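Student: please work out how this folds:
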Amino acid sequence: MMETKSKQLDFLLNFKKNNSLEFKKGIMSGEISVARPLKDLLLEFQNKCLFATLEISRVEGNNLLEDVENDETIDLSIELDRGRGTVIAQNLDDLLTTSGNKYGREIPDLVVLIDENWRSWDESSYNKSVSAYIEAIKFFKFLRNDVSDHSDIRKCHFFGTKEKVSLTLGFSANAIELHADEIIKSIASLSSIMNEELYKEDKVRQLKLVLIDLLKNKEEKTRADSLLINIADLTRRFIHNYELFISGFSFENEKEELVKKNREYTHALNNVINSIHTRVIGIPLGTVLPALMIKSENFLMSELNIIIFMSSVFIMLVISFSLRSQWVLLQKIRAEYTVKWARMKSDIPNLMGELQEEFNHLESCFKLNRNLIISFWLALYLFFLVPVSVFFDIYFGDMGYISVIIKSVFAICVSFLSLVSK
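Tutor: Just a heads-up that it's a prediction; the model follows:
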């Protein structure tokens, strides 16, 4: 059926062109000379065409096409019933104003625009205005079916938190032709977001709120045109609000995860300290006590000096390796939250101010516990210098220079600790 109608439309266009007929308000008219082949074509068209009515006017005789003589000149009028979905229009404005603005709400089944040279069944004939018109129709259909709270064939109504906006469906050709590029690009951007499955209901609500805010101060009869004229602004505001909405979800999720990670981190740090409590207490016991035992003049103790000293070395190594493992764990946790922070800072920079406090808390917590481990480590080696100095003093005589070395190492360690603590 569509193919037949498209052929009939092609016939009418060629007939109009070849006979220089005038076209106005859906009527082709003019004076023609009817040869026999043309008469047969017109009779066939008259019998089969469902969207046009053919009338003739003769100087003499009745006004029936069948009675027209060969090569007789007649006045021909072909009136198109453009409300049936098959349309020939002079231009986009003619199309939008015909049939009670019907084609401002829906696209005809078959349509020809003479000035634009557009045939709807020929994709190569599409231009920007035509493409913008088609996208606009689809967009208004989407608003009516999926976004509005209530709609009928001519209007759709949007209910906001305080306002109600009614939108009369139908727009002017001027709004399309002057803003074709913006309409095509903006609707494509909106469609791309709205077609995603994620947060469908929330996206509809965001679009409706932006739409209401954009149109609430406009006169109802101009709202459709205003919407198309300001479609780029509508799209920009919607995308901005939607990104804030998405960022809000991401932000809360990330913040909750970060806070949770912070609790896990704090718990891990507590475990770090708890796991080395006994070893830290063992620092003075494993260093000073052996030093006192080595220095003792008790014969039995003096025979065991080397064993006592090696025990002190063993205790120092165990505690040292324990602190080292906790240090590695501490650095690993910091690497995890630093990577997370860097990603969040890149993804949602506008909201990172609210997370700065969480990050600062993590950093201060890390530095505190890092310095604790460093302090324990330095304390371990400083205390270990005590049995070392006593042992070397007993077995190697006057070790005054050892005392100097010990004092120098002590000064260096204290300086290093104060530097790390800053």
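Student: buried residues in stretch 325-332?
Tutor: 326-327, 329-330 (16 or more other C-beta atoms under 10 Å). Quick note: C-beta positions are derived from backbone N, CA and C, even for glycine.
Student: centre of the chain versus it, how much separation?
Tutor: Its chain's C-alpha centre and that of stretch 325-332 lie 38 Å apart, by C-alpha atoms, centre = their mean, to the nearest Å.
Student: average pLDDT for that stretch?
Tutor: What stretch 325-332 shows for mean pLDDT is 80.
Student: and if you look at stretch 148-164?
Tutor: For stretch 148-164, mean pLDDT rounds to 88.
Student: before we move on, what about stretch 65-78?
Tutor: Mean per-residue pLDDT for stretch 65-78: 88.
Student: what's near enough to touch Glu79?
Tutor: Shown in contact with Glu79 (C-beta atoms under 8 Å, 6 or more residues apart in numbering): 26-27, 52-53, 55.
Student: hmm, try it at 7 Å
Tutor: With contact taken as C-beta atoms under 7 Å, 6 or more residues apart in numbering, Glu79 is in contact with 26-27, 52-53.
Student: same question for Ser172.
Tutor: Neighbouring residues of Ser172 by C-beta under 7 Å, 6+ apart: 96, 225.
Student: now do Lys5
Tutor: Contacts for Lys5 (C-beta under 7 Å, 6+ apart) come out as 86, 110.
Student: just Val204 next, same as before
Tutor: Residues in contact with Val204 (C-beta under 7 Å, 6+ apart) are 146-147.
Student: in what helix or strand does it lie?
Tutor: Taking DSSP states H and E as the criterion, Val204 maps to helix 200-215.
Student: circling back: name the nearest of the contacts of Glu79 relative to Glu336.
Tutor: Lowest distance from Glu336 to these (C-beta to C-beta) belongs to Gly26, with 72.1 Å.
Student: still on that earlier bit, narrow the buried residues of stretch 325-332 to those in helices?
Tutor: Here DSSP state H is the test, and these give 326-327, 329-330 as lying in helices.
Student: can you tell me the SS state at the residue nearest the centre of the chain?
Tutor: Of all residues in the chain, the one closest to the mean position by C-alpha atoms, centre = their mean is Glu243, 6.0 Å from it. The three-state label given to Glu243 by DSSP: H, G, I helix; E, B strand; the rest coil is helix.
Student: now render the ones in helices among the buried residues of stretch 325-332 as TSV, adding distance to Leu227.
Tutor: Listed next are these as TSV, based on distance: C-beta to C-beta, whole Å:
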residue	distance to Leu227
Gln326	63
Trp327	63
Leu329	59
Leu330	58
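Student: farthest pair within these?
Tutor: Pairwise distances among those were taken by C-beta to C-beta; the largest, 7.3 Å, belongs to Trp327 and Leu329.
Student: per-residue pLDDT, the residue nearest to the centre of the chain?
Tutor: So Glu243 comes in at 81 (pLDDT).
Student: what about it, distance to Thr161?
Tutor: From Glu243 across to Thr161, the span is 21 Å (C-beta to C-beta, to the nearest Å).
Student: give the rounded mean pLDDT of stretch 342-349.
Tutor: Average pLDDT, stretch 342-349: 64.
Student: ditto for stretch 97-115
Tutor: pLDDT averaged over stretch 97-115 gives 88.
Student: convert stretch 323-335 to CSV, retaining C-alpha atoms only.
Tutor: Output of stretch 323-335 as CSV, limited to C-alpha atoms (Å, rounded to 0.1, in the frame of the first residue of the first chain):
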residue,chain,number,x,y,z
LEU,A,323,58.0,-4.1,63.3
ARG,A,324,59.0,-4.5,59.7
SER,A,325,56.0,-6.6,58.9
GLN,A,326,53.7,-4.1,60.5
TRP,A,327,55.3,-1.3,58.6
VAL,A,328,54.7,-3.1,55.3
LEU,A,329,51.0,-3.6,56.3
LEU,A,330,50.7,0.1,57.2
GLN,A,331,52.1,1.2,53.8
LYS,A,332,49.8,-1.2,52.0
ILE,A,333,46.7,0.3,53.6
ARG,A,334,47.9,3.8,52.8
ALA,A,335,48.4,2.8,49.2
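Student: the residue lying closest to Phe158 once chain neighbours are set aside: how many residues sit nearby?
Tutor: Computed as C-beta to C-beta, 6 or more residues apart in numbering, the closest residue to Phe158 that is not its neighbour in sequence is Val165, at 4.8 Å. Using other C-beta atoms under 10 Å, Val165 is surrounded by 21 other residues.
Student: and Val165, helix, strand or coil?
Tutor: Taken by three-state DSSP, the conformation at Val165 corresponds to strand.
Student: from Arg223, how far out is it?
Tutor: Separation of Val165 from Arg223 (C-beta to C-beta): 7 Å.
Student: Arg334 too?
Tutor: Applying C-beta to C-beta to Arg334 and Arg223 gives a distance of 56 Å.
Student: ok, these two, which is more surrounded?
Tutor: Per other C-beta under 10 Å, whichever of Arg334 and Arg223 has more neighbours is Arg223, with 21 against 18.
Student: now the more buried one: which helix or strand?
Tutor: Using DSSP H and E, Arg223 maps to helix 223-229.
Student: and that helix, what does it pack onto?
Tutor: strand 164-168, helix 173-178, helix 200-215 (3 or more C-beta pairs under 7 Å, 6 or more residues apart in numbering; DSSP states H and E).
Student: for the second one, output the C-alpha coordinates as CSV.
Tutor: Output of helix 173-178 as CSV, limited to C-alpha atoms (Å, rounded to 0.1, in the frame of the first residue of the first chain):
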residue,chain,number,x,y,z
ALA,A,173,8.5,25.8,11.3
ASN,A,174,10.5,28.8,12.2
ALA,A,175,11.6,27.2,15.5
ILE,A,176,12.7,24.2,13.6
GLU,A,177,14.5,25.9,10.7
LEU,A,178,16.4,28.4,12.8
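Student: tabulate the helices and strands packed on helix 223-229 (a markdown table), appending distance to Phe321.
Tutor: Output for these, formatted as a markdown table (distance: least, C-beta to C-beta, whole Å):
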| stretch | distance to Phe321 |
| --- | --- |
| strand 164-168 | 72 |
| helix 173-178 | 77 |
| helix 200-215 | 54 |
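Student: and of the ones you listed, who's closest to Tyr103?
Tutor: Smallest distance to Tyr103 across the helices and strands packed on helix 223-229 (C-beta to C-beta): 10.7 Å, for helix 173-178.
Student: cheers, nothing more for now.
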